[in-house]
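Visitor: Build me a structure from this.
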Amino acid sequence: MNNDHDYRARLMLMLRGLLAEPTGDEDRPCRPGIVTAIDFQPGGDEQNMLSVSLLGEDKTDEDLKAALRESIDGHVDRHGRLPEVVRVESLGCFRVTRHEPEDSRPLTGRVALVTGAAGAIGYGVCAALLEAGCHVAATDLAGEKLERFAADLAGDAPERVRGVALDVTRAESVAQAFATTVEAWGGIDIVVHNAGIALVAALKDLDLDEFRRLEQVNVEGTLLVLQETQRIFARQGIGGDVVIMSTKNVPCPGAGFGAYSATKAACHQLGRIASLEMAADNVRVNMVAPDAVFAEGAYRSGLWEEVGPGRMKARGLDEAGLHEYYRNRNLLKARVTGRHVARAVLFFATRQTPTTGATIPVDGGLPDATPR
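Guide: Residues are numbered from 1 along each chain as shown. Reported below is the predicted structural model:
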């Protein structure tokens, strides 16, 4: 990412955090707006516009934030309200759009970034976030699949959806995707880390390079996403929520599924550690552990595309029979969908309880997967 984009994203994050309205709610202490770049129109209604000069991209975050805070406080003293437009010399002009009080959707004005979005669970999560009023950056590997997914997801709310290319195994790609989202809407409030891949192989047959491929995506990818998330949330300064897609294979691994079970266990543990390290910044990190989500709408699960053929062959089942087998093995005899997983994500993202470091299983009830 070049310096101009980095500097612009840094300032937009700080502006969004400093211009967030206090709510008096301990769970959600502020109400951020959506910050977008606009063309400056001299001679327009500038009564509620703030102009600032911030020279020197080499300034620390602390120095930049202090200068912005001083300018904003001065504007509030003069005008009795937060500015709606901020013009930053040599960088651009930014408008803060705050949602109307009558908009009762719980995540209106919030921004979410979802990794590994272009699949069954990702679609369910992104669709539910949009319905809750969120702006959503749906990220996945670059290509036609992501483009089609984003176009389908946008529907009636194209201004609240972006398809953003992201390879979780490359630090520069993670940083660029986060910065692209920030430049679109001013910041990020919710990160749903759903990217992951699977492999079927007994330990005695497991190819080391294949194991490393899973380790790179499921473990290193999680670390890189968490690192960038912490940097973004610290710079923005208004807290945030992280939801990591775990799996029932963490407490209950399966034979022939060692590479996936082991690397997802490491992913899960990184999430627990992040909950300890980010709590001081009002960031909550929680996990959702689904089982047997085959499809949501037109989108099939990449994991089951990998795992399904072997499972069908081993049990002498066709695809419909395999779905029925997994439905009948849980206590509730429930068909688990991407929307079910999305509701668990929303429970955390809307802060229904003061909870961090926790896991919600979405599996219909699997006694063997009960943590012990």
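
Visitor: Residue for residue, what is the longest helix this structure has?
Guide: helix 258-278 (DSSP state H).

Visitor: How confident is the prediction for the residue nearest to residue 342 when sequence neighbours are not counted, by pLDDT?
Guide: Excluding the flanking residues, the one nearest residue 342 by CB to CB, 6 or more residues apart in numbering is residue 128, at 3.6 Å. The C-beta positions use only the backbone N, C-alpha and C, and glycine is treated the same way. With respect to pLDDT, residue 128 has a value of 97.

Visitor: Can you identify each of the helices in the stretch 51-200 of the chain by residue range?
Guide: 61-79, 120-131, 144-154, 171-185 (DSSP state H, counting those that start in this stretch).

Visitor: The helix or strand containing residue 35 - contacts with which helices or strands?
Guide: Residue 35 belongs to strand 34-38 when elements are defined using DSSP states H and E. Counting by 3 or more CB pairs under 8 Å, 6 or more residues apart in numbering; DSSP states H and E, the packing neighbours recorded for strand 34-38 are helix 3-18, strand 92-97, helix 171-185.

Visitor: Those: lowest mean pLDDT?
Guide: Looking at these, the bottom one is helix 3-18 with a mean of 88.

Visitor: what does it contact?
Guide: Contacts to helix 3-18, defined as CB atoms under 8 Å, 6 or more residues apart in numbering, come from residues 32-33, 35, 54, 57, 61, 64-65, 68-69, 72, 86, 88, 91-92, 94, 96, 178-179, 182-183, 186-187, 232, 235-238.

Visitor: Among these, name the buried ones.
Guide: Among these, those scoring as buried are 32-33, 35, 54, 64-65, 68, 72, 86, 88, 91, 94, 96, 178-179, 182-183, 186-187, 232, 235-238 (criterion: 16 or more other CB atoms under 10 Å).

Visitor: ok so, going back, with only the CA atoms kept, save the strand holding residue 35 in PDB.
Guide: Extracted as PDB, the C-alpha positions of strand 34-38 are listed here (Å, rounded to 0.1, in the frame of the first residue of the first chain):
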ATOM      1  CA  ILE A  34     -20.100   6.700   7.800                       C
ATOM      2  CA  VAL A  35     -17.200   8.800   6.500                       C
ATOM      3  CA  THR A  36     -17.000   9.300   2.800                       C
ATOM      4  CA  ALA A  37     -14.700  11.400   0.500                       C
ATOM      5  CA  ILE A  38     -16.600  14.200  -1.300                       C
END
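
Visitor: partners of that strand, with directions?
Guide: strand 92-97 (antiparallel) (DSSP bridges).

Visitor: What are the contacting residues of the strand it pairs with?
Guide: Here strand 92-97 has contacts from 8, 12, 15-16, 19, 33-40, 82-88, 186, using CB under 8 Å, 6+ apart.

Visitor: For those residues, which PyMOL command selects only the ones that are buried?
Guide: Here is the PyMOL command that selects the buried residues among these (16+ other CB under 10 Å):
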select buried, resi 8+12+15+16+19+33+34+35+36+82+83+84+85+86+87+88+186
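
Visitor: tilt between the strand holding residue 35 and helix 3-18?
Guide: 140 degrees (axes from the mean of the first three to the mean of the last three CA atoms, to 10 degrees).

Visitor: Looking at strand 34-38 now, give me its mean pLDDT.
Guide: 93.

Visitor: likewise stretch 315-326?
Guide: pLDDT averaged over stretch 315-326 gives 80.

Visitor: what's the answer for stretch 50-65, then?
Guide: 83.

Visitor: swap in stretch 337-347?
Guide: Stretch 337-347 comes out at a mean pLDDT of 96.

Visitor: Can you give me the domain assignment for this structure?
Guide: For the chain, automatic domain parsing gives the domain ranges 3-97, 111-364.

Visitor: returning to that earlier point: the strand holding residue 35 vs helix 171-185, what angle?
Guide: Using the same axes, to 10 degrees: strand 34-38 against helix 171-185 is 80 degrees.

Visitor: for strand 34-38, the distance to its chain's centre please.
Guide: 20 Å (CA atoms, centre = their mean, to the nearest Å).

Visitor: which residues sit against that strand?
Guide: With CB under 8 Å, 6+ apart, strand 34-38 has contacts from 12, 15-16, 19, 85, 92-97, 109, 111, 135, 183-187.

Visitor: Recalculate using a threshold of 6 Å.
Guide: Residues outside strand 34-38 that contact it (CB atoms under 6 Å, 6 or more residues apart in numbering) are 12, 15-16, 92-97, 185-186.

Visitor: Also stretch 324-340?
Guide: By CB under 6 Å, 6+ apart, stretch 324-340 touches 120-121, 123-124, 292-293, 296, 362-366.

Visitor: where's that stretch relative to the chain centroid, distance-wise?
Guide: Worked out by CA atoms, centre = their mean, stretch 324-340 lies 26 Å from the chain centre.
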